[in-house]
Each structure stands twice: as C-alpha cells, then as structure tokens.
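# Need coordinates for the following:
(one chain, ligands or ions: 1)
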Amino acid sequence: MTAVSHRVSVAEWAAAADAVRGLAPGDEIQLICHVNPDGDALGSMLGFGLGLRRLGFTRVRATFPGQFEVPVPYQALPGLDMLVPAVEAYREARLILIFDVAAESRLGALAPLAVEGFSVVLDHHASNTRFGRINLVDARAAATSVVASSLLDRLGVPLDAEIAECLYVALATDTGSFKFDLTTPAVHELAARLIATGISPADISRRIFDTRPFGAMKLAGEVLGRAQLDRTAAGGRGMVWTYATLSDLERYEQRPYVLDTLIDPIRSVAEADVAVVVKETGPSEWAVSLRSKGAVDVSAVAVALGGGGHRLAAGFTGHGTPEEIVKAVRDLLDANLT
Ligand SMILES: [Mn+2]
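Okay, here's the model as predicted:
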C-alpha cells in the first residue's frame with residue numbers, strides 16, 4: 001500500500017505514532033471532533049477510537065462541542081458507545097486526538113482542553129491553523145479518515161468491519177460518494193481495503209445518503225423553491241443561493257441535519273459557478289456553506305469572513321440577514337477568482 005498522504009512529514013507521523021505507543025493501556029485518551037459533526041468528523045473519530053481499543057486502550061472517550069446531537073444518519077455508527085457529552089470529556093487526558101477541525105474556533109468550549117493538553121490534530125483542511133502539539137494535516141487528503149487510516153496503519157491496527165464502516169462513511173461523505181476532486185486512485189484503494197472487510201456500501205449509502213423523513217423532503221422543496229440566481233456575481237460566472245430558517249425546521253418538525261445536503265441540488269445549477277446555502281442556527285446567527293465549480297477559491301472567501309475550508313467547499317458563521325450575508329460573499333467573490 002503506497003502512502004496516501006502528502007504534506008505530513010516523516011517526523012510528524014513518527015511523533016504521532018510514538019505519542020500513542022507511549023501510553024499505558026489504562027491511560028485516558030480523549031477524542032474530539034468539530035461542532036455540528038458530519039460524516040467525516042464522526043466517522044474518522046469513531047473509527048480511530050475503535051482502533052485504539054483494538055490496541056488495548058480501555059479508557060477512550062469521544063465528544064464534540066455545542067449541542068450534543070448525533071444526526072440520525074450517523075446514529076448506527078459502530079463505536080458510538082465511546083461518545084459522551086462535552087462536560088464528561090476527560091479533563092486530564094494523557095492524549096487528545098482532534099479530528100477534522102481546521103481551527104480552535106470549531107472546538108467551542110473544548111478549545112482550552114485541546115490547547116493545554118498534549119494534542120494531535122488529524123485534518124485535511126488547507127486552512128488548518130496547526131493548533132495542536134503534533135499536526136497531521138494533509139490538504140490533499142480527500143477526508144480526515146484518510147489521515148486517520150494512515151495513522152492506524154502505522155500503529156499496526158488491522159482493519160475490521162467496524163473500523164471500516166466508520167472510515168467508509170467518512171470517506172464517502174467527504175468525497176460526495178467518490179465524485180469530488182481529490183478522489184484519487186489512493187482513495188479508491190482505501191475504499192477497496194475498507195469494503196474488503198465485509199461492509200456493505202449499498203446499505204451504508206442508503207442509510208447515510210438516500211434516506212430522509214417525508215417532512216425533510218417537503219422542507220427541501222420549499223427551500224429550493226426560494227433559491228435565487230445572480231448571473232453577474234463572481235465576474236459573470238454566476239452565484240445561486242438560498243436560505244433556511246429555524247422556523248422552517250419547526251414548521252416541518254425537522255432537525256438541523258436535514259439541511260446539510262441542500263447544498264448539493266443548489267450547486268448543480270448550470271448557470272452558476274458558486275453555490276451558497278445560509279442556514280439559521282440561532283438569533284441572527286447563520287451557518288453558511290459555499291461551493292465552487294472551480295472559478296472561485298471559496299475557502300479564501302470563507303477565511304475572509306471568519307471561517308475556513310477547501311478551495312471548492314468552505315463555510316463560515318454569518319450574522320445579520322441572509323441578504324446581508326450573501327452580499328458580503330458576493331463582494332468577496334470577484335477578488336478571489338482563480
Ligand atoms: Mn472532512
């Protein structure tokens with residue numbers, strides 16, 4: 001198996017592996033992923049946690065900041081018994097492993113723990129601030145699970161079906177089911193190794209991507225129906241955008257995770273290079289998702305507005321009205337044409 005990763009030095013890999021090998025079986029290990037966890041955050045964290053258990057570590061906890069809610073599609077992931085609310089995180093953990101987190105700001109109340117303890121960051125965001133003691137950041141990795149599987153390999157953990165299911169969910173989520181750029185031969189080689197453990201990609205895909213409540217489908221219809229096309233944005237490449245409010249969710253009795261996939265139909269619009277979905281998360285607070293087909297580096301736009309991400313997929317927290325937020329994005333697009 002050739003190494004999947006780039007931009008992580010030999011010394012960093014060795015330091016991370018040594019940090020795990022230096023622990024005693026009963027030492028406390030705390031795993032953390034980002035607020036509002038997605039498939040890559042949860043899958044890479046739980047898959048790695050299961051790997052630590054296979055190595056004999058008995059005290060492994062996993063958590064994330066913010067509202068303690070696992071999106072329904074991920075509620076059948078193996079290893080969920082490791083998950084505890086943030087207040088139950090090990091405060092004096094010997095080792096802290098952080099997954100899919102580009103910056104401390106994505107750690108909320110857990111940020112001090114992560115910064116003061118001995119932390120290893122596993123991530124693939126180009127905007128990563130390298131806030132850990134050891135930083136395994138590979139901006140060319142399709143998912144954090146690629147980095148996690150690489151470290152498991154180095155630790156000599158054999159893949160089994162439980163670990164593989166977690167890592168596969170992570171990989172399939174972040175590659176858009178193996179459609180996005182960075183879906184390299186090595187990604188498919190990793191997928192092949194995961195599937196070879198006996199997991200069912202069909203069952204996993206149906207559960208993760210192709211199942212939703214009726215109300216979520218109706219809600220999506222309404223949110224897509226209010227989308228607007230701005231043909232002159234991004235130097236004439238076009239921008240399409242929409243928004244969803246907390247009252248939309250309430251009206252259809254849905255949880256916020258059902259909005260996570262709305263960016264996909266929005267970004268399919270032929271007349272726009274840039275797609276924007278603005279989702280209300282609190283009083284005058286919005287989670288903003290940005291996608292580009294290639295004309296714009298949306299991570300630069302997101303970073304300028306306090307967020308982060310990748311060249312073609314990024315996000316930030318916005319304030320004000322959706323119109324104000326989209327105007328701020330629009331104002332930055334022309335400056336970041338690639
Ligand atoms: Mn990711």
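# Now do P265 against M239, distance only.
In this view, P265 and M239 are 15 Å apart by CB to CB, to the nearest Å. Heads up, the C-betas are built off the backbone N, CA and C, glycines and all.
# One more: L194?
As judged by CB to CB, L194 and M239 stand 36 Å apart.
# try H34
Taken as CB to CB, the span from H34 to M239 is 26 Å.
# Neighbour count for P265 and M239, which is higher?
M239 (25 against 16; other CB atoms under 10 Å).
# and the more buried one, what does it touch?
Shown in contact with M239 (CB atoms under 8 Å, 6 or more residues apart in numbering): L229, D230, A233, A272, D273, V274, A275, V276, V326, V329, R330, L333.
# Need the pLDDT of it.
Looking at M239, its pLDDT stands at 98.
# now do H6
Here, the pLDDT recorded for H6 equals 55.
# And A114, by the same measure?
So A114 comes in at 89 (pLDDT).
# could you say which helix or strand contains it?
Following DSSP states H and E, one finds A114 within helix 111-116.
# Any stretches of the stretch 151-300 of the chain with poor pLDDT?
For the stretch 151-300 of the chain, no stretch has pLDDT under 70.
# list the buried ones in stretch 67-74?
P71, P73, Y74 (16 or more other CB atoms under 10 Å).
# Just send those residues back as CSV, with pLDDT, secondary structure and distance to T281 too.
Output for these, formatted as CSV (pLDDT from 0 to 100; DSSP: H, G, I helix; E, B strand; the rest coil; distance: CB to CB, whole Å):
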residue, pLDDT, secondary structure, distance to T281
P71, 96, coil, 14
P73, 96, helix, 19
Y74, 98, helix, 19
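# Return the closest of the residues you listed with respect to R94.
Set against R94, the nearest of the buried residues of stretch 67-74 by CB to CB is Y74 (27.5 Å).
# Name the nearest residue to that closest one, ignoring sequence neighbours.
Nearest residue to Y74 in three dimensions, chain neighbours excluded: L42, at 5.1 Å (CB to CB, 6 or more residues apart in numbering).
# so who does that neighbour touch?
C33, V70, Y74, L77, C166, V169, A170.
# Please apply the same query to S149.
Shown in contact with S149 (CB under 8 Å, 6+ apart): V4, G47, L159, L167, L190.
# Kindly report the same for A170.
With contact set as CB under 8 Å, 6+ apart, A170 has these partners: G39, D40, A41, L42, G43, S44, G47, A143, T144, S145, A148.
# Tell me which residues are up against stretch 331-338.
233-235, 237, 239, 274, 294-298, 300-301, 304-305, 311.
# Now which of these would you call buried?
233-234, 237, 239, 274, 295-298, 300-301, 305, 311.
# Closest to L152 out of the residues you listed?
Nearest to L152 among the buried ones among the contacts of stretch 331-338 is R311, at 27.4 Å by CB to CB.
# Is it correct that D181 falls within a helix?
No - counting by DSSP: H, G, I helix; E, B strand; the rest coil, D181 falls outside a helix, being coil.
# in whichever strand or helix holds G215, what's buried?
Assessed by DSSP H and E, G215 sits inside helix 214-225. Buried residues in helix 214-225, counting neighbours by 16+ other CB under 10 Å, are found at A216, L219, A220, V223.
# Same check on stretch 311-320?
For stretch 311-320, by 16+ other CB under 10 Å, it's R311, L312, A313, A314, G315, F316, T317, G318.
# In the sheet, which residues pair with the nearest residue to the second one once chain neighbours are set aside? Tell me.
With CB to CB, 6+ apart as the measure, S292 is the residue that lies nearest to L312, at 5.1 Å, once sequence neighbours are left out. Legend: beta-bridge partners of S292 under DSSP bridges are V274.
# Distance-wise, check S292 relative to N128.
On the measure of CB to CB, S292 and N128 end up 19 Å apart.
# Using CSV, list the CA coordinates for the longest helix seen in the chain.
Looking across the chain with DSSP state H, the single longest helix is helix 39-54. The C-alpha coordinates for helix 39-54 follow below in CSV (Å, rounded to 0.1, in the frame of the first residue of the first chain):
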residue,chain,number,x,y,z
GLY,A,39,-19.8,12.0,8.5
ASP,A,40,-16.1,12.6,8.2
ALA,A,41,-15.8,14.1,11.7
LEU,A,42,-17.7,11.3,13.4
GLY,A,43,-16.5,8.5,11.2
SER,A,44,-12.8,9.3,11.4
MET,A,45,-13.1,9.9,15.2
LEU,A,46,-15.0,6.8,16.0
GLY,A,47,-13.0,4.6,13.5
PHE,A,48,-9.8,5.7,15.1
GLY,A,49,-11.2,5.2,18.6
LEU,A,50,-12.2,1.7,17.8
GLY,A,51,-8.6,1.2,16.5
LEU,A,52,-7.3,2.4,19.9
ARG,A,53,-9.5,-0.2,21.6
ARG,A,54,-8.0,-2.9,19.4
